[in-house]
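Sequence plus the predicted model coming up.
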Amino acid sequence: MQSVTVICVGKLKEAYWRDAAVEYCKRLGAFCKIAVTEIDEERLPQNPSQAQIDAGMEAEGKRILAKIPQGSYVIAMCIEGRQQSSEELAQMLQDAANMGKSSVVFIIGGSFGLSPAVKAAADRKLSMSKMTFPHQLARIMLLEQTYRGYQILSGGKYHK
């Protein structure tokens, strides 16, 4: 059984986001070993300079990189990543397994994104959309799409 880890910066503050994440993690449990790892968001001043933003992303990046299991297939969720369909995501999960990668890691950065070091460590960069979403919603969307991907691979009825 494949292991999927979602490493994300920040916590889900509202109960409805937490409830949605719990529901999708429960559903995913039938297909993979799912784990969500939250990394503390770096505290920045109200109007941070670019240097402060870069330093914050670098600090978050070091914490993220320390949480990636050795030998994982790593996917950085970032705006410059490739957009793909649900079917293509399913195929990516299958391809990772075919490459002998029993662990897949998705990484969602903080409000300023991911550090260059995290992006460089990724096997793939993936974008959900050209639109901007709150990080809490992005996490739920990623969990849902991962569930949909496994449903597609198993021939389930969830995906239409």
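Alright, I've got the coordinates.

Backbone dihedrals for Lys119, please?
phi -60, psi -40 (degrees, to the nearest 10).

ignore the last one, Val9
Main-chain torsions, Val9, degrees, to the nearest 10: phi -90, psi 130.

same deal with Thr5?
For Thr5, the backbone dihedrals (degrees, to the nearest 10) come out as phi -120, psi 130.

Give me the below-cutoff pLDDT ranges for this protein.
159-160 (pLDDT under 70).

how close does the most centrally placed residue in it sit to Ala51?
Closest residue to the average C-alpha location of the chain: Phe106 at 3.2 Å, with Cα atoms, centre = their mean. Counting by Cβ to Cβ, to the nearest Å, the gap from Phe106 to Ala51 is 29 Å. Where you see a C-beta, it was placed from the backbone N, CA and C, and this is true even at glycine.

Spell out the residue ranges of the helices in the protein.
Taking DSSP state H, the helices of the chain run over residues 15-28, 50-67, 86-98, 116-121, 135-154.

wait, which of those is closest to Thr5?
helix 50-67 (7.8 Å; Cβ to Cβ).

and Lys101, what does it touch?
71-73 (Cβ atoms under 8 Å, 6 or more residues apart in numbering).

No more questions from me, cheers.
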